[in-house]
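> Sharing a model prediction with you, sequence too.
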Amino acid sequence: EAQVTQNPRYLITVTGKKLTVTCSQNMNHEYMSWYRQDPGLGLRQIYYSMNVEVTDKGDVPEGYKVSRKEKRNFPLILESPSPNQTSLYFCASSSRDTNEKLFFGSGTQLSVL
Amino acid sequence: SQQGEEDPQALSIQEGENATMNCSYKTSINNLQWYRQNSGRGLVHLILIRSNEREKHSGRLRVTLDTSKKSSSLLITASRAADTASYFCATADTGRRALTFGSGTRLQVQP
């Protein structure tokens, strides 16, 4: 089954404790993105990747890192999480471009205390 | 700032009725897409309409795009309880590598 898999689904952590949210897609998509969703603000792009070893900042990249060492994986790293990073995070992939039809993961609800 | 702004914010209808949601945007776009999100879950792509298209159909969905008014509408015909979800429009703005999402319309379909 074609899918984008994110883990974990829920995560509670404390300020400053490094964490990684994993994302994997099995559709051989070149384009992958991370979004965060906050009430009243819609979804905002954090980082995107056009291909292996090619990443770039989205609209809200501060406090986040990403890597794309393999085509299928695109982890999101929070090196020193802060409470304002409490949000619902989505990984997405696309076969055509980062602004074409996106396939989304199920989301990761992160709470930073 | 949010590009796609949906209207209404919330909509409650009876099963079998049609649901219409509107989206307005501000800049030049390459395409406009509609997504559905069930509570707290991932978004599911519904339909994409390109800037040179005016109308598109997919099953019970009908999307229109008016680039002169910078607006789009999503019509769901013969709604079902399973259509209950939030619906988001997303614009692919010219020169950007990201979709710009609106805040969504919450649709409740009463059985």
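Done, it's in. Bear in mind that the values here come from a model prediction, so they are computed numbers and not experimental data. Residues are numbered from 1 along each chain as shown, chains lettered A, B, ... in the order given.
> Which residue is the nearest non-sequential neighbour of the residue nearest the centre of chain A?
By CA atoms, centre = their mean, chain A has its centre lying nearest to residue A:34, at 3.1 Å. Closest residue in space to residue A:34, ignoring its immediate chain neighbours: residue A:46 at 4.3 Å, by CB to CB, 6 or more residues apart in numbering or on different chains. Backbone N, C-alpha and C define where each C-beta goes, glycine included.
> now swap in residue A:50 and tell me
What sits nearest to residue A:50 in space, not counting adjacent residues and going by CB to CB, 6+ apart, is residue A:31, at 6.1 Å.
> and if you look at residue A:94?
residue A:31 (4.4 Å).
> what's the answer for residue A:95, then?
Closest residue in space to residue A:95, ignoring its immediate chain neighbours: residue A:29 at 5.0 Å, by CB to CB, 6+ apart.
> Now for residue B:39, how many residues are close by?
The tally of other residues near residue B:39 (other CB atoms under 10 Å in any protein chain shown) stands at 8.
> which residues sit against stretch B:8-24?
B:4-7, B:32, B:34, B:69-81, B:83, B:87, B:89, B:102-111 (CB atoms under 8 Å, 6 or more residues apart in numbering or on different chains).
> ok so residue A:80 is a strand residue?
No: Residue A:80 sits outside any strand when classified using DSSP: H, G, I helix; E, B strand; the rest coil, being coil.
> what helix or strand does the closest residue to it other than its chain neighbours sit in?
Closest residue in space to residue A:80, ignoring its immediate chain neighbours: residue A:16 at 5.0 Å, by CB to CB, 6+ apart. Residue A:16 is part of no helix or strand, with elements assigned from DSSP states H and E.
> In this structure the residue nearest to the centre of chain A contacts residue A:76, no?
Yes: counting by CB atoms under 8 Å, residue A:34 does reach residue A:76; the two are 5.0 Å apart.
> list the contacts for the residue nearest to residue A:34?
Taking CB under 8 Å, 6+ apart, we find residue A:46 in contact with A:33-36, A:58-61, A:64, A:66, A:76, A:89.
> Swap in 7 Å and give it another go.
Listed by CB atoms under 7 Å, 6 or more residues apart in numbering or on different chains, the contact partners of residue A:46 are A:34-36, A:58, A:60-61, A:64.
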